[in-house]
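Novice: Turn this into a model:
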Amino acid sequence: MAGAVSSRGCLKIRGAQIRDLLDSKHNVLFDCDGVIWNGETVVTGAPEVVTLLKQQGKRVFFVTNNCTRPRENYVQKFCRLGFTDVAEEEIFSSAYCSAAYLRDVAKVQGKVYVIGCQGVLKELQDAGVPVVEEDNDSSSFSIYDFPLDPDVRAVLVGYDENFNFMKLAKACCYLRNSECLFLATDPDPWHPLRGGRITPGSGSLTAALETASNRKATVIGKPSRFMYECIASQFDLDPARSLMIGDRLETDILFGINCGLATMLTLTGVSTFEEAQQYKDSDSPEKKDFVPDYVVESIADFLQVLEE
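Specialist: Got it, this is the predicted structure:
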């Protein structure tokens, strides 16, 4: 394949190199935030790129650590932002994959205590996984006398804007049982907001509980392999013919490398080309795993090639 040999070389490509790369791949996996959109602003050209890839026979999937909404709401967002042909079964969020893990892999026999948002709760409900119903009037209790559910067999931590001390304390109590599973939707430490501000991510909340419980969570989302296995079990993906496109080196790119996929960094989100180069030049073998095969300014760079 001329001009686009996969060498983990952090190679900036465009034009014919992009075409050669796409010709060798049948499956394209996109992260969403920072790749397809930023908040409620679509990345220029993204809807057209997705449509053209599908028209040329590519299978397209969306792999996101954002657990704040269920898959049906992601479909609504895609439509709202101008994507006309994205199906629910093509979307693999950390919330959906966490529910699938609890149902199909862990086969949890009991309830799940959830630190998380409605996206996580809805996916668990859709998967038939029972959760602990939170008492809305918990202010009258302290952790000394708060009733704990004896049927809890797992604790799942995701993004939670209402995270508080009582939730942390209850989760710690459940995790004192060594047989209670400890799962995290994803390890993302923070997320960018408008105006240069950030919000703590699921990884920050998980770190608090790991410290307090002296246990390590099993991470479901990127860079864990389980999200890929979840897709592969439904669509029979060949890693050698798959491309992972993301904006975060420590999750998206590492995920692709962990799963044996070609990787591409797009510069419309969190990570920069300079950071990728620093990882490439590092003497640390672990940091080499954050180096993408290819770099593009934006997935809009695909347009010229796909429209030819």
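
Novice: among the helices and strands of this structure, which has the poorest mean pLDDT?
Specialist: Among the helices and strands of the chain, strand 190-192 carries the lowest confidence by mean pLDDT, DSSP states H and E, at a mean of 84.

Novice: Give the buried residues for it.
Specialist: Using 16 or more other C-beta atoms under 10 Å as the burial criterion, the residues of strand 190-192 that qualify are H191. Glycine gets a C-beta too; all of them are placed from N, C-alpha and C.

Novice: Which residues does the particular helix or strand that has Y74 in it contact?
Specialist: Secondary structure assignment for Y74, by DSSP states H and E: helix 71-80. Here helix 71-80 makes contact (C-beta atoms under 8 Å, 6 or more residues apart in numbering) with 32, 37, 40, 62, 64, 69, 86-88, 91, 93, 96, 119, 123.

Novice: Isn't T263 up against G256?
Specialist: Yes: with contact defined as C-beta atoms under 8 Å, T263 reaches G256; the gap is 3.8 Å.

Novice: Compare these two (neighbour count), which wins?
Specialist: For the pair T263 and G256, the greater number of neighbours falls to G256 (29 against 26), based on other C-beta atoms under 10 Å.

Novice: which ones are touching the more buried one?
Specialist: Taking C-beta under 8 Å, 6+ apart as the definition of contact, the neighbours of G256 are 29, 244, 246, 262-263, 292.

Novice: go again using 7 Å as the cut-off
Specialist: Listed by C-beta atoms under 7 Å, 6 or more residues apart in numbering, the contact partners of G256 are 244, 263.

Novice: Specify the next element, helix or strand, located C-terminal of the helix or strand hosting it.
Specialist: Following DSSP H and E, the helix or strand that holds G256 is helix 254-258. Heading C-terminal from helix 254-258, the first helix or strand you meet, by DSSP H and E, is strand 262-266.

Novice: helices or strands up against that next one?
Specialist: strand 242-246, strand 294-296 (3 or more C-beta pairs under 7 Å, 6 or more residues apart in numbering; DSSP states H and E).

Novice: in its sheet, what does that strand sit against?
Specialist: The partner list of strand 262-266 in its sheet, established with DSSP bridges, is strand 242-246 (parallel), strand 294-296 (parallel).

Novice: quick one, which of these is packed in tightest?
Specialist: Compared across the strands paired with strand 262-266, strand 242-246 shows the largest average neighbour count, a mean of 26 (mean count of other C-beta atoms under 10 Å).

Novice: which residues touch it?
Specialist: Applying C-beta under 7 Å, 6+ apart, the external contacts of strand 242-246 come out as 25, 27-31, 35, 252-253, 255-256, 261-266, 299.

Novice: what's K280 in contact with, if anything?
Specialist: K280 makes contacts with 10, 291, as judged by C-beta under 7 Å, 6+ apart.

Novice: try it again with 8 Å
Specialist: Listed by C-beta under 8 Å, 6+ apart, the contact set of K280 reads 8-10, 288, 291.

Novice: just so I have it, where are all the helices in the stretch 151-300 of the chain?
Specialist: 165-175, 202-213, 226-235, 254-258, 273-281, 285-288 (DSSP state H, counting those that start in this stretch).

Novice: any idea of the mean pLDDT in stretch 234-245?
Specialist: Per-region confidence: stretch 234-245 scores 96 on mean pLDDT.

Novice: ugh, typo on my part, it should be stretch 154-170
Specialist: Averaged across stretch 154-170, pLDDT comes to 95.

Novice: and the spatially closest residue to W190 that is not a sequence neighbour, how many neighbours does it have?
Specialist: Distances taken as C-beta to C-beta, 6 or more residues apart in numbering place I198 nearest to W190, at 4.6 Å, with adjacent residues excluded. Look at I198: counted by other C-beta under 10 Å, it has 10 neighbours.
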